[in-house]
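J.: Requesting a structural model of the entry that follows:
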Amino acid sequence: MKGVPRPIGEVATPEGAAAGGFRLMRYFMLTTLVAFIGAWVALLVLQRNESIFFAQVQAEQRAFFARAQAILARQNEAAARDSLLAVHEASHVNLTRLVANTLWASDIAPLLAQAQKLPADDCRAVAGEARRACQAEIGARIRALPGFKALDTKAYAAMQSTTVFKIKVWDRRGITVYSSEQRQIGDDGSSNQGWRQAMAGQPASELTHRDRFSAFEGMVENRDVISTYVPVRLNGGAEVAGVVELYSDVTPFLGQMREASSRFAHITAANEITLERAASENQDKVDSSSDRLLFIVGGLLVALYGVSLLVVHVGQRIIDRQTLAQQDAARRERLWHGEKMAALAAMAANVAHEVGNPLAVIAGLAQELPGHAATPEAGATAARAILEQTRRVSALVRQISDFAASRGDAAEWVDVNTMVEAVCQFHRFDRRFRGARIAFVGAAGLPACRLVPDRLNELMMGLLQAFIEDAGARPHCPGLHVETLTEAGLVLVRCRSEAASEAPLRGPSGARAEALQRLAEGMGGRLSFAEGRVQLALPPEVDMEAARKEAEPAAA
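T.: Below you'll find the model as predicted:
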């Protein structure tokens with residue numbers, strides 16, 4: 001919407017500096033500053049979150065590496081133990097075969113045959129101390145059997161200076177027939193899982209730690225031993241004749257394993273320290289890179305902000321110049337209107353002066369005429385004619401005076417029909433119409449409108465002047481039809497040409513149309529243009545102050 005023209009004599013100022021005007025520089029500066037700061041803060045938050053995320057990833061990688069190292073250490077230790085068990089189990093199997101080859105037929109088998117005759121079911125029927133006493137009695141009877149001493153001597157001689165701490169021989173019932181720790185002879189091991197597995201034909205081994213252990217060399221302490229239950233088959237048969245249990249000392253081997261595990265743990269710890277140092281260095285590099293990126297982006301934002309301010313400053317100056325040009329045009333338009341109205345007022349005063357005085361003389365003479373006429377009737381008729389014509393001239397002079405009188409910029413209730421009809425009558429005397437008819441049709445019961453009368457006069461004069469200028473350039477001037485009506489709650493004033501459709505009168509265009517549109521918008525109305533037709537729409541009641549305030553900012 002274009003701005004309402006300023007009053008005559010008002011000093012034009014740039015729109016950016018005018019009170020209530022649109023301050024492009026200020027709003028852009030504040031808006032872009034907030035936007036750029038928001039963007040930089042958002043980037044800062046994103047960069048900090050990225051740094052935190054990288055630190056979390058580094059920590060998770062270190063934790064994963066530590067877990068992997070710990071799992072690897074446990075797997076290595078378990079594999080070493082399994083290998084140790086497998087090696088010693090194979091060694092025990094071979095040693096058992098050696099013992100069986102040298103001692104079984106000559107010493108162990110006869111002892112087993114004699115021990116088989118000793119009843120063991122009675123001991124299994126009792127529990128607690130009675131059972132232990134029963135088993136001790138069986139052990140004593142086995143030790144008293146012929147051949148036991150010889151077997152014991154040969155076993156000690158065979159195992160001397162070896163890693164074997166103890167040897168035990170079980171019969172098929174699970175009774176310990178021989179043990180280098182003789183107090184265990186007679187024990188019932190039928191519930192022992194190792195003995196059961198060996199009787200099923202599979203060797204069974206386990207690694208245990210003993211605080212005290214009875215070995216061939218005597219009592220030893222804090223030892224790690226591997227015990228293996230080995231089934232004994234005679235002459236390659238499938239039947240198990242008995243079970244031999246061997247105990248070997250693996251304390252040195254476990255010590256070596258622990259030393260290897262300790263070295264591995266030290267290496268792992270050193271690797272974790274190295275990884276921690278590398279992670280810290282990488283984190284510092286990432287933080288430094290993020291800071292540099294933030295400073296670069298911040299500098300670019302500042303440069304972009306400065307360039308934007310420069311561009312907007314140049315744009316503001318262009319807008320100010322355009323605003324000044326519009327204000328100057330509006331001021332010239334208002335000056336032209338005031339001068340035109342002043343000229344019309346002067347013309348009306350001159351017409352009233354030049355025509356009023358003769359009319360007064362004519363009226364005086366007409367009043368004296370009845371006394372000097374040839375006949376009283378003829379004098380009276382002439383006098384009445386003179387008076388009628390003088391009244392018509394006086395009415396025309398008053399109409400011209402009322403039309404040309406300036407009423408100021410104050411809004412008031414006006415009869416649109418009366419004002420539009422007065423403008424039409426005034427322009428009927430324009431010689432450019434060459435006698436063409438200006439037909440006015442006023443709507444009955446037309447609502448009054450609250451507006452500035454001079455504005456409506458100026459607007460209607462501008463519209464009719466545009467049609468008149470087009471009519472004056474034609475050899476045959478078509479007529480002009482002006483009407484008022486109401487539609488959709490609005491008061492409408494329509495001006496259209498009465499010419500044929502192929503040659504209608506053209507209404508206002510270009511700068512004149514823009515000026516007239518500003519006048520209409522200043523009254524709260526709207527002009528619409530069509531071929532050979534112009535329509536002014538006015539609301540029945542218009543708040544002129546609100547319309548002025550609404551129109552002024554849009555002028556920018």
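J.: Which of the helices or strands spans the closest residue to residue 172 other than its chain neighbours?
T.: Nearest residue to residue 172 in three dimensions, chain neighbours excluded: residue 242, at 6.5 Å (Cβ to Cβ, 6 or more residues apart in numbering). Yep, even glycine has a C-beta here, placed from its N, CA and C like the rest. Assessed by DSSP states H and E, residue 242 sits inside strand 240-249.
J.: other SSEs contacting that strand?
T.: With contacts defined as 3 or more Cβ pairs under 8 Å, 6 or more residues apart in numbering; DSSP states H and E, strand 240-249 has these neighbours: helix 24-99, helix 109-115, strand 164-170, helix 193-199, strand 204-215, strand 218-233.
J.: between the next helix or strand after that strand and strand 218-233, how big is the angle?
T.: Counting by DSSP H and E, the next helix or strand C-terminal to strand 240-249 is helix 251-368. Interaxial angle, helix 251-368 versus strand 218-233 (axes from the mean of the first three to the mean of the last three Cα atoms, to 10 degrees): 90 degrees.
J.: And helix 251-368, how far out from the chain middle?
T.: 22 Å (Cα atoms, centre = their mean, to the nearest Å).
J.: Against which helices or strands is that helix packed?
T.: Going by 3+ Cβ pairs under 8 Å, 6+ apart, helix 251-368 lies up against helix 24-99, strand 218-233, helix 376-404, helix 453-472, helix 510-522.
J.: To residue 130, which of these lies closest?
T.: The closest of the helices and strands packed on helix 251-368 to residue 130 is strand 218-233. By Cβ to Cβ, the value is 27.6 Å.
J.: in its sheet, what does the closest one sit against?
T.: Strand pairing for strand 218-233, determined by DSSP bridges: strand 204-215 (antiparallel), strand 240-249 (antiparallel).
J.: sorry, back to before: redo the helices and strands packed on strand 240-249 as a markdown table? Include mean neighbour count.
T.: Formatted as a markdown table, the helices and strands packed on strand 240-249 follow (neighbours: other Cβ atoms under 10 Å):
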| stretch | mean neighbour count |
| --- | --- |
| helix 24-99 | 14 |
| helix 109-115 | 18 |
| strand 164-170 | 23 |
| helix 193-199 | 18 |
| strand 204-215 | 15 |
| strand 218-233 | 18 |
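J.: Switch the ones you listed over to TSV; also include mean pLDDT and distance to residue 288.
T.: Formatted as TSV, these follow (pLDDT from 0 to 100; distance: least, Cβ to Cβ, whole Å):
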stretch	mean pLDDT	distance to residue 288
helix 24-99	84	10
helix 109-115	87	82
strand 164-170	85	65
helix 193-199	89	64
strand 204-215	73	54
strand 218-233	79	54
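J.: can you tell which of those is closest to residue 279?
T.: The nearest among the helices and strands packed on strand 240-249, by Cβ to Cβ, is helix 24-99 at 4.2 Å.
J.: between that closest one and strand 164-170, how big is the angle?
T.: In terms of direction (the same axes, to 10 degrees), helix 24-99 departs from strand 164-170 by 70 degrees.
J.: Turn the helices and strands packed on helix 251-368 into JSON lines, including distance to residue 494.
T.: Below are the helices and strands packed on helix 251-368 laid out as JSON lines (distance: least, Cβ to Cβ, whole Å):
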{"stretch": "helix 24-99", "distance to residue 494": "39"}
{"stretch": "strand 218-233", "distance to residue 494": "118"}
{"stretch": "helix 376-404", "distance to residue 494": "21"}
{"stretch": "helix 453-472", "distance to residue 494": "10"}
{"stretch": "helix 510-522", "distance to residue 494": "13"}
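J.: Surely residue 410 is within a helix?
T.: No - Residue 410 is assigned coil when assessed by DSSP: H, G, I helix; E, B strand; the rest coil, not a helix.
J.: how many other residues sit next to the nearest residue to it once chain neighbours are set aside?
T.: Using Cβ to Cβ, 6+ apart and skipping the chain neighbours, the partner closest in space to residue 410 is residue 452 (7.0 Å). When neighbours are counted by other Cβ atoms under 10 Å, residue 452 registers 20.
J.: Of all the helices and strands packed on strand 240-249, which one comes closest to residue 488?
T.: Nearest of those (Cβ to Cβ): helix 24-99, 36.8 Å.
J.: thinking again about what came up before, mind checking how far the strand holding residue 242 is from the chain centre?
T.: Distance, centroid of strand 240-249 to centroid of chain: 76 Å (Cα atoms, centre = their mean).
J.: Also stretch 446-454?
T.: Relative to its chain's centre, stretch 446-454 lies at 54 Å (Cα atoms, centre = their mean).
J.: Likewise for stretch 78-92?
T.: 63 Å.
J.: Kindly indicate whether the closest residue to residue 517 other than its chain neighbours is helix, strand or coil.
T.: Take residue 517 and drop its neighbours on the chain: the residue closest to it by Cβ to Cβ, 6+ apart is residue 527, 5.0 Å away. Following three-state DSSP, we place residue 527 in the strand state.
J.: Residue 527 contacts residue 534, doesn't it?
T.: Yes - counting by Cβ atoms under 8 Å, residue 527 touches residue 534, with 6.5 Å between them.
J.: The residue nearest to residue 69 when sequence neighbours are not counted: what's it in contact with?
T.: Leaving aside its sequence neighbours, residue 69 sits nearest to residue 268 (Cβ to Cβ, 6+ apart; 4.2 Å). Neighbouring residues of residue 268 by Cβ atoms under 8 Å, 6 or more residues apart in numbering: 66, 69, 70, 73.
J.: isn't residue 493 right next to residue 481, touching?
T.: No - between residue 493 and residue 481 there is no contact under Cβ under 8 Å: 11.6 Å.
J.: quick one on the thing from earlier: list the contacts of the residue nearest to residue 517.
T.: 513, 516, 517, 520, 534, 535, 536, 537.
J.: at 10 Å what do you get?
T.: Residues near residue 527 by Cβ atoms under 10 Å, 6 or more residues apart in numbering: 459, 463, 493, 507-508, 513-514, 516-521, 534-537.
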